[in-house]
Structures are given as C-alpha cells and as structure tokens.
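*Asks:* A predicted structure for the sequence below; I have some questions about it.
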Amino acid sequence: MATSIKLSKITKVDLRDCWDNEASDFTPWLASEENIALLADALGMNELEVKSQEEHVGPFRADILCVDPGTDKIVLIENQLEKTDHNHLGQILTYAAGLDAVTIIWISKQFTEEHRASIDWLNRITDKEFNFFGVEIELIKIGDSPAAPMFKVIAKPNGWSKDVRSSQSSSEGRSEGRVFNYEYWCSFIEYMNNHPSKLFRTRSASYSHWMSIAIGKSRIHIDLLLNKKEQKATIQLYMWDDAEKKIFDTLVKYKDEAEEKIGIPLIWRRLDGKKASSIDIYKTCNLSDPVEQEGVFGWYREYTERFITFFKPLLKNV
C-alpha cells in the first residue's frame, strides 16, 4: 500500500499585513539589493541598480529610481498596494513625458482590465526607447512558512513587434555595413536562445557594431564588438566614466590573477587623456562565414561568462 503524502496548502497573505505604508514600508523593502533583483528577474532584465527613492519627476515623486547597468538608461518604479487607479496612471504618463528614454514599471496589488489595456496601448504607440510594465505583487505562504513575495508580469513591451517596426521604418538608407551589423546580432541572439547563459542575457539587435552586456555596475559594461573591415571580434570590459582612471588602476592590480582565471592574456588599455578605459580580448576570423560565425558566437558566450565571473565581484567594491 502506498504511503500517504501530506501536502500543505498555499494561502495568500494580505499585503498590508507586511507593509502598512507604501512609502515607508514597501518602497524601502523593494529598493533593497535582494528584492530589486527578484523584480529584475521577473521582468527578464539582467539587473537593476537603485539610485534613489522618492525622486522628483515633474509635480510627482517616483517611488524608486533605478538605472539599467547594461544601457545606463533610467528605470522608474511606481508602487501601489491597492488596485490600480487613474491617479497612478496619470503619474506614469507624467514620468514618460518628462524623460527622454525610460522604462516604467507600475507595481500594484491588482490591475483592472482598463489599466492593463492602457499599458498595452502605451507599448504599442511608443517607440523602442520606452518600455512600460504592469506587475502584480502578491504574498503567499505554505503552511506555517513565512510569507513570500511573487511578482506576476501582466503587461509588458512586445519587443519583437517594436523591433520589427523600428527595422521597417529605419532600414532605408542604412549602409551595407550597418545592415550587416543588424543581421549579425540577430544571428547571435538566435544562437544565445539555443545556447542560453546563466550569467547574462543579450540585448535587442541594433545597427551598431557593438552589443552591451550588463555587469552590475552603472557606467561599466561588457561590450561585444565586431569589425567587418578588419575581420575582428572583440570582448571588452568598458569603463566609460573613468577619466581619473581610478577603476582601471584598481583592476590592473589583479592583472596576473585575471589572466590566469580568464585563461588568456588581456589587453589593458588605460587610455590616458580620455574619459574611458577598457580591458580587451579579440580574435580574427571571417565574420561573414556562417561556420566561423558559430565559432565566434561560442567564443563570445564563453569569455563573456569568464569576464563576468572574475570582474563582477571586484567591481562591487570599486
């Protein structure tokens, strides 16, 4: 006779049982490194770096102001521990109007159908520089366990349709090289979809010769570069706000250890006289050859993971 298995019930917990006040309780909780990472993961973002709380935007105050470390673009979070209402919808419209390029995340206990449709509409009518998310939060517990938060994304940007619109509207007049870049990154994204990494996510394809990967620090990121003229692919830890070279000089102290752990010599570029500095590796190849492309994509993936594994812990203390 089979042994009976005792299962516990999942029960919902009222949000106000844990957070009595949005501004003084929920916002500081969400702004912590651990919990903002939970939200970023639910949204499919690499990371979010909290910059401030109760930030002025026009006549309103955004609950949390973040930066996406991979792009250095602004991310605003608006919290609501009750059902969505028109006042908060007006606030997110004000945020969008007051900023050039922004991701806005509206978190609520419950989205009405009208407000969910409003987020979908905003994503349809705006270009890819703007991204609107509707997120419901709930608390659950199993048996006598502590309450645990769950983020449910109920409205988000349709990235594919935005990319298609952008491509259709702006591809005319593009040079052959820029079209090559776009197709190259599309192929790389397809490769990464088939060979996903646990350490990083790719960005949307663009016509640029680089793709940035977040490493958890504002103004510092990993760039994947391609140079069709020289038939060269590069991986670069790029520090673009390092005019005094403090970041570079800190990292160069670990030069021997970095090259041992990453497995190959690195090119350390202090770039005196410029605001940026970088640490590079590169390989030459036929970027147009599909067979060689597959090898380059695997190289990008492997050594980007090695860069992240070694440099990310160091950069947290810089």
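*Replies:* Yep, that arrived.
*Asks:* restrict stretch 300-317 to CA atoms and write it as CSV.
*Replies:* Taking C-alpha atoms only, stretch 300-317 is exported to CSV below (Å, rounded to 0.1, in the frame of the first residue of the first chain):
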residue,chain,number,x,y,z
TYR,A,300,31.6,35.5,-27.2
ARG,A,301,29.5,33.4,-24.8
GLU,A,302,32.4,31.5,-23.1
TYR,A,303,34.6,34.5,-22.5
THR,A,304,31.8,36.9,-21.6
GLU,A,305,30.9,34.4,-18.8
ARG,A,306,34.6,34.4,-17.8
PHE,A,307,34.7,38.2,-17.7
ILE,A,308,31.6,38.3,-15.6
THR,A,309,32.7,35.6,-13.2
PHE,A,310,36.1,37.3,-12.5
PHE,A,311,35.3,41.1,-12.7
LYS,A,312,31.8,41.3,-11.3
PRO,A,313,32.8,40.6,-7.7
LEU,A,314,35.7,43.0,-7.9
LEU,A,315,33.5,45.8,-9.3
LYS,A,316,31.0,45.6,-6.5
ASN,A,317,33.8,47.1,-4.2
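*Asks:* pLDDT weak spots in this protein?
*Replies:* Along the chain, segments meeting pLDDT under 70 span 1-3, 46, 69-72, 100-101, 159-174.
*Asks:* which stretches of it form helices?
*Replies:* Listed in chain order, the helices of the chain (DSSP state H) span 15-18, 27-31, 33-43, 86-98, 113-125, 159-170, 176-194, 246-252, 255-262, 290-315.
*Asks:* with mean neighbour count and distance to Ile104 as new columns, can those be given to me in a markdown table?
*Replies:* Quick note: C-beta positions are derived from backbone N, CA and C, even for glycine. As requested, those are exported to a markdown table (neighbours: other C-beta atoms under 10 Å; distance: least, C-beta to C-beta, whole Å):
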| stretch | mean neighbour count | distance to Ile104 |
| --- | --- | --- |
| helix 15-18 | 14 | 21 |
| helix 27-31 | 17 | 15 |
| helix 33-43 | 16 | 12 |
| helix 86-98 | 16 | 5 |
| helix 113-125 | 16 | 8 |
| helix 159-170 | 13 | 15 |
| helix 176-194 | 15 | 25 |
| helix 246-252 | 17 | 30 |
| helix 255-262 | 14 | 37 |
| helix 290-315 | 17 | 27 |
